[in-house]
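Enquirer: sequence and predicted structure, then a few things I'm wondering about:
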Amino acid sequence: MYFAKEVLESSSKMRQRWEDEVKKLVSKWADQKPEAQWSTVSDLPIKRLYTPDDIKDMEFERDISYPGQYPYTRGNQVTGYRGKYWTFRMFSGMGDAATTNARWHMLLKEGQTGLSTAFDFPTLMGYDTDSPKARGECGKCGVAIDTLEDFLVLTKGVPLDKITTSMTINPPATALWAMYCAAAEIQGIPLSKIGGTIQNDMLKEFIAQKTLMCPPEPSVKLISDTVEFGTLHVPRWNTISISGYHIREAGSTAVQELAFTLRDGMEYVEDVLRRKKLDVDTFAPRLSFFFNSHIDFFEEICKMRAARRIWAKAMTERYKSKDERSWWMRFHTQTAGCSLTAQQPYNNVVRTATEALAAVLGGTQSLHTNSLDEVWCLPSDFAVQIALRTQQLIAEETGAANTIDPLAGSYFVEALTNEMEKQAWEYIHKIDDMGGMVAAIEKGFPQLEISDAAYKFQRQIDSAEKIMVGVNKYVSTEKESIPFLEIDDKIETEQIERLQAVRRKRDSKAAMKCLNDLKAACKKGENVMPYCIEAVKALCSVQEICDVYREVYGEYRDPGLY
Amino acid sequence: MVAKPGLDGHDRGARVLARCFRDAGYEVIYTGCHQTPEQIVSAVVQEDVDLLGLSCLSGAHRYLYPAVTKLLKDKGVDDVTVIGGGIIPEQDFQAMYDAGLKAIFVPGTTLETIVTWINTNVKPRA
Amino acid sequence: METTKKIKGGDIRAASRLIRNLEDRIPEAKTTIKHLFPFTGKAHVIGITGSPGAGKSTLTDGLIDCFRKKGKTVGVLAVDPTSPFTGGAILGDRIRMQRHAEDPGVFVRSLATRGALGGLAKAVGDAIHVMDVLGKDIIIVETVGTGQQEVDIINHSHTVLVVLVPGMGDEIQAIKAGILEIADVFVVNKADRDGSSKLSRELMAMLDMAPPSAFQGGWRPSIMRVENAFEPAGFGKALDDITTKIEEHYQHLVDKDLIGSRMRRKATVELNEAIRASILEPVLLKLLSSGQMEGLIEKVMKKEVDPYTVAEDIAKRYLEGCL
């Protein structure tokens, strides 16, 4: 029992009085919107008032507990942000490696504390800049990386033993991580000292982001390889960032984001256990997560608290993990790109700020804040600085970092956390019954849930049932014009020249041998990472490595469910 | 037809539009992501559509959209209306119009706006 | 005729335009199809039917591969249902075959049912003719897959594939009679799932119990299994086997001189349909445009007259030429 009996009795009486008065008033002056529309952006219904009744079945130790103690509702770190602020980690990449390197140094100078790499589409999809499929795409939404030479330019002047780097890369993750490891080696830094994250989460690609290459089975195998390699050789590296961000951006609800992400995590754990026969506690501490922070302030905070609880329960109950570091759901957050508007773009600063605050109150370990102009283009210097300052302001001025999990005990926040956890478990069990996440993906279940949710939301915006300021309410007829960053088209030509120069100068026989060795390793089921590292050192390109995977494992054909 | 040229896999908008078009009474074909301009134009010819909607969020529209319209022209397909959407900065609009696109719909456009535009500007052949 | 020449010459654009005009019931299209008719009858038409989600499109995509490897050209007509509420349709089969878009030997065309029942669109019969004259060796017709009255497919095809998936309510008892009887080849798709052996066994038992007369010319439908579509090697082999079986069936029809009976069935259906359209449509059009229809509906609604008497009267007047 969470409350003493007298408290509940007293509350009940007061509640009755309050409800009667509400009824009287509402019969004279109706609420502004019907009951159903007082809901979260994901359509979770919210009550007018939360009271002790709403959390009377909670148990303090079982459900809320303390920071750093099971079930970690209040956070993983005992010292909270007083020990260390969340990492200010701005996702960034643009044009060629030199341009991105400059932006990285600028952000570090302005006080960012971790790096995060955005690659362009050819790199994300495992194609070289001179591939016919890559035409027009070079450097447009991230940095173009073809070979180790580019990567060395990208990381020039960056002390890889002092700063951690996240890389948003999925099918070609082994190749890019190999480049990072090789770059560290060249800087004279042992692999045991480098820290960072590769996103490397293929399940969410099938569900949402769609940077696709090989079918699910071999994709998960490659991920297992990275987990094993990291466990053995790169202990400070997070080899997967199990992501919900993209699932949410594709249009899912908050509960779906929560459930599908954590169930993806469970799928990976099961795969590594089955395939690599490692003990769960040897690799689980290095699994990390990546959530969206969307516009509904409290829904996001509660989602993150529920996520920690769900993961802790899953690790202990399903996988019998013994090491508490495996029970911590550590996560990076990005504010929601899909919540930003093209209309009245300066409003986006406010959106990003509230979303960032929610992530902080939700206890994120690391945060990226979107720039105001990202609905139109890559962020300009001006816009990205405001985004970074948003985090710094929250950290230094608002007091949000003073105390751990400040909203704990709130009737509303605890009730909503419980509700989201409950609904997420329902989804998780449903996917269990389908035979797991890979089976569910093959049946199209998460994809269609997301499509349904996305369509419903758009209809709600169209009918103004849900409001987006500047879009369907408080619309200006005046157009606000902001400076846009342009990526010069000639970057593509220059990058192709660089790539061709590398191909000419490298030892082709050595490169070929590395690719053949990689192919043989794939066929034999060996861990590909050592072979990737050799290949990138021989200046094999991202596409050359990925073409080996395509050849051995086949290419995935999207079943096209929508 | 709703098509996604290039490597961009962000298809939330395209999928929402496909459903919206069905609800507006159109027969709609979604090609899926990762289409080359050649694949798109071939599909347009085979399906004999009235309208082609292009979606791209990777910034590669500057090359891809004109590549599609040029290919349509080369194949003598002159009776398909082409519209576009995605992440397209205003300074690129004129280039898109010059390439033959008849309208561009940026984020924040309502489905109703698009359907109204189509009902006003595209006459089905029947 | 210009269009006829173009289509005989392999002009996909002209063929596609014609199919569109046939769908839209443009009168000129009917004229063109008359010119094309004498040149039809060369293609091997394969019908694929089964519940939604059975994986027909993925199989079709694989079959295209197999036939292309054998040097055959392929046309595909993929039918999807028109929404009864909005009149619109998501034609969602093409997306699974888009990788063939640049292959000049493949022509994929999507069609909406536009209210027709039976799993096909009205224009399918004519569209098959167009693809036939265009020179496609193989024409694959993929039905809607509502699992109900899917039997129209048999009127247009030489070979019918029925695709079943374990665990989707495809148990034999659940399937309305008719679907199973039209199959020349059963495909148990996603056969790596639970229940696939049971499904295969039930199919076999059903075939065992059928009287020999049920097997046309002695062809007992085969039961083919396809496992995980995401495992390329196994999937490719399964599809090669199905393709071979399809070709065997066609050879069987030739050997037993059964092509004729299939053609006769098609001709019967086409003629009936054409006569019906020729008579019914102008009659309805006349009644609507002259305003008579409204009044008749009113009378029937108020029970002043029954619909049968009305119809007899209209028929009499039509035959006497005073409608």
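Expert: Yep, it's here.

Enquirer: you'd agree C:Ala116 is in a helix?
Expert: No - counting by DSSP: H, G, I helix; E, B strand; the rest coil, C:Ala116 falls outside a helix, being coil.

Enquirer: quick check: the closest residue to it other than its chain neighbours vs chain B, distance?
Expert: Excluding the flanking residues, the one nearest C:Ala116 by C-beta to C-beta, 6 or more residues apart in numbering or on different chains is C:Lys122, at 4.9 Å. Bear in mind the C-beta positions are built from the backbone N, C-alpha and C, glycine included. Distance, C:Lys122 to chain B, using C-beta to the nearest C-beta, to the nearest Å: 14 Å.

Enquirer: kindly report the same for A:Trp327.
Expert: The separation that A:Trp327 has from chain B, given C-beta to the nearest C-beta, amounts to 33 Å.

Enquirer: ditto for A:Phe60
Expert: Counting by C-beta to the nearest C-beta, the gap from A:Phe60 to chain B is 41 Å.

Enquirer: neighbours of that residue, just the number please.
Expert: 11 (other C-beta atoms under 10 Å in any protein chain shown).

Enquirer: residues contacting it?
Expert: A:Tyr2 (C-beta atoms under 8 Å, 6 or more residues apart in numbering or on different chains).

Enquirer: ditto for the one 4 residues further on
Expert: By C-beta under 8 Å, 6+ apart, the residues touching A:Ile64 are A:Met58, A:Thr73, A:Arg74, A:Ala408, A:Gly409, A:Glu414.

Enquirer: again, only using 6 Å
Expert: By C-beta atoms under 6 Å, 6 or more residues apart in numbering or on different chains, the contact list for A:Ile64 reads A:Thr73.

Enquirer: secondary structure element for the residue nearest in space to the middle of chain B?
Expert: Chain B has B:Gly53 as the residue nearest its centroid, 1.6 Å off, counting by C-alpha atoms, centre = their mean. Taking DSSP states H and E as the definition, one finds B:Gly53 inside strand B:51-56.

Enquirer: tell me the secondary structure at C:Gly47.
Expert: Following three-state DSSP, C:Gly47 is assigned to strand.

Enquirer: likewise A:Ala118?
Expert: Secondary structure, three-state DSSP: A:Ala118 is strand.

Enquirer: quick check, pLDDT for it.
Expert: The per-residue pLDDT reported for A:Ala118 equals 96.

Enquirer: now it, which residues is it bridged with?
Expert: Taking DSSP bridges, one finds A:Thr168 as the beta-bridge partners of A:Ala118.

Enquirer: may I have the phi/psi pair for whichever residue of the stretch 301-450 of chain A sits closest to chain C?
Expert: Nearest residue of the stretch 301-450 of chain A to chain C, counting by C-beta to the nearest C-beta: A:Glu442, 6.9 Å away. Backbone torsions of A:Glu442, given as degrees, to the nearest 10, read phi -60, psi -30.

Enquirer: quick one on the thing from earlier: neighbours of the residue nearest to C:Ala116, how many?
Expert: So C:Lys122, with other C-beta under 10 Å, has 19 neighbours.

Enquirer: in three-state terms, label it for me.
Expert: Applying three-state DSSP: C:Lys122 is coil.

Enquirer: which parts of the stretch 101-250 of chain C sit against chain B?
Expert: Counting by C-beta under 6 Å from any C-beta of the partner chain, the stretch 101-250 of chain C comes close to chain B at C:Ala101, C:Glu102, C:Phe107, C:Val108, C:Arg109, C:Ser110, C:Ala112.

Enquirer: looking at the residues you listed, spot the one nearest A:Gln187.
Expert: C:Glu102 (45.6 Å; C-beta to C-beta).

Enquirer: isn't the closest one right next to B:Pro37, touching?
Expert: No - using C-beta atoms under 6 Å, C:Glu102 makes no contact with B:Pro37, being 10.3 Å away.

Enquirer: and these two? Which one has more around it.
Expert: More neighbours surround B:Pro37 than the other of C:Glu102 and B:Pro37, with 23 against 13 (other C-beta under 10 Å).

Enquirer: if I look at the more buried one, how far off is A:Ala134?
Expert: 13 Å (C-beta to C-beta, to the nearest Å).

Enquirer: now do A:Ala173
Expert: 19 Å.

Enquirer: per-residue confidence averaged over stretch C:251-261?
Expert: Stretch C:251-261 comes out at a mean pLDDT of 88.

Enquirer: pLDDT weak spots in the chain?
Expert: No chain specified, so I'll use chain A. Applying pLDDT under 70 to chain A flags residues A:1.

Enquirer: meant chain C, my bad for not saying
Expert: Looking at chain C by pLDDT under 70, you get C:118-119, C:145-151, C:168-180, C:322-323.

Enquirer: picking up where we left off before, what comes up buried for the helix or strand following the strand holding B:Gly53?
Expert: Downstream of strand B:51-56, the first helix or strand assigned by DSSP H and E is helix B:61-74. Neighbour-count burial for helix B:61-74 flags B:His61, B:Arg62, B:Tyr63, B:Leu64, B:Tyr65, B:Pro66, B:Ala67, B:Val68, B:Thr69, B:Leu71, B:Leu72 (criterion: 16 or more other C-beta atoms under 10 Å in any protein chain shown).

Enquirer: alpha carbons of helix B:61-74, as CSV, please.
Expert: In CSV, the C-alpha atoms belonging to helix B:61-74 read as follows (Å, rounded to 0.1, in the frame of the first residue of the first chain):
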residue,chain,number,x,y,z
HIS,B,61,15.9,16.4,-55.2
ARG,B,62,18.0,18.9,-57.1
TYR,B,63,19.4,16.1,-59.2
LEU,B,64,16.7,13.5,-58.9
TYR,B,65,13.5,15.4,-59.7
PRO,B,66,14.8,16.9,-63.0
ALA,B,67,16.2,13.5,-63.9
VAL,B,68,12.8,12.1,-63.7
THR,B,69,11.1,14.8,-65.6
LYS,B,70,13.8,14.8,-68.3
LEU,B,71,13.4,11.0,-68.7
LEU,B,72,9.6,11.4,-69.1
LYS,B,73,10.2,14.0,-71.8
ASP,B,74,12.7,11.8,-73.6
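
Enquirer: packing partners of that helix?
Expert: Here helix B:61-74 touches helix B:37-47, helix B:93-99, going by 3 or more C-beta pairs under 6 Å, 6 or more residues apart in numbering or on different chains; DSSP states H and E.

Enquirer: chain C: which of these is closest?
Expert: helix B:37-47 (4.0 Å).

Enquirer: quick one, what contacts the residue nearest to the spatial centre of chain C?
Expert: In chain C, the centroid-proximal residue (C-alpha atoms, centre = their mean) is C:Ile153; its distance is 4.1 Å. Taking C-beta under 6 Å, 6+ apart as the criterion, C:Ile153 is in contact with C:Gly47, C:Thr49, C:Thr143, C:Val160.

Enquirer: which bits of chain A sit near chain C?
Expert: A:Pro215, A:Gly554, A:Gly560.

Enquirer: which residues sit in contact with the second one?
Expert: Residues near A:Gly554 by C-beta under 6 Å, 6+ apart: C:Pro232.

Enquirer: run the last query once more with 10 Å
Expert: Taking C-beta atoms under 10 Å, 6 or more residues apart in numbering or on different chains, we find A:Gly554 in contact with A:Met213, A:Cys214, A:Pro215, A:Glu217, A:Pro218, C:Phe230, C:Glu231, C:Pro232, C:Ala233, C:Phe235, C:Gly236.
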